[in-house]
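[1] next input, structure requested:
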Amino acid sequence: MGRSRKFDENCPPWTPRAASEEELKEIKSIKAMQETIRRHIGPRRVKDVTGNDMRDILVNNFGNVSSEMLQTYTTALNSMDRGVRPPGVYD
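    Numbers count the residues shown, from 1 in each chain. From the prediction side, this is the model:
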């Protein structure tokens with residue numbers, strides 16, 4: 001369908017490559033943040049994480065550099081499973 005409607009028109013071709021050192025460092029940081037979030041929330045679901053949780057995680061774990069870690073926190077949380085399942089896929 002996308003091809004027939006030309007959604008990819010003017011897009012560069014898909015050319016996967018190995019991650020750079022900087023990208024690998026960022027991935028490692030995001031995975032570490034995800035583990036920190038999991039430890040903090042315990043048995044609660046990811047979709048139940050609140051702004052208070054965010055503040056606690058950032059301030060308690062990163063102190064003075066907590067504002068610098070906000071983007072990593074956001075990326076980590078957004079990329080975690082939030083219990084969204086397409087109908088029919090897991091049934």
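[2] can you tell me how far the closest residue to S66 other than its chain neighbours is from H40?
    Nearest residue to S66, sequence neighbours excluded (C-beta to C-beta, 6 or more residues apart in numbering): L58, at 3.8 Å. Just so you know, the C-beta spots here come from the backbone N, C-alpha and C atoms, and that holds for glycine as well. Relative to H40, L58 is positioned 10 Å away (C-beta to C-beta, to the nearest Å).
[3] which one's more surrounded, these two?
    The neighbour count for L58 versus H40, taken as other C-beta atoms under 10 Å, is higher for L58 (20 against 15).
[4] coming back round to it: what strand or helix carries the residue nearest to S66?
    Using DSSP states H and E, L58 sits in helix 51-62.
[5] chain center to that helix: distance?
    Averaged C-alpha coordinates place helix 51-62 at 16 Å from its chain's average position (C-alpha atoms, centre = their mean, to the nearest Å).
[6] tell me which strands and helices it is in contact with?
    helix 21-41, helix 70-78 (3 or more C-beta pairs under 8 Å, 6 or more residues apart in numbering; DSSP states H and E).
[7] switch those helices over to JSON lines; also include mean pLDDT and distance to G63.
    Listed next are these as JSON lines, based on pLDDT from 0 to 100; distance: least, C-beta to C-beta, whole Å:
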{"stretch": "helix 21-41", "mean pLDDT": "94", "distance to G63": "13"}
{"stretch": "helix 70-78", "mean pLDDT": "93", "distance to G63": "13"}
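[8] most tightly packed of those helices?
    helix 70-78 (a mean of 16; mean count of other C-beta atoms under 10 Å).
[9] mind checking how far it is from the chain centre?
    Between the mean C-alpha location of helix 70-78 and the chain-wide mean there is a distance of 6 Å, by C-alpha atoms, centre = their mean.
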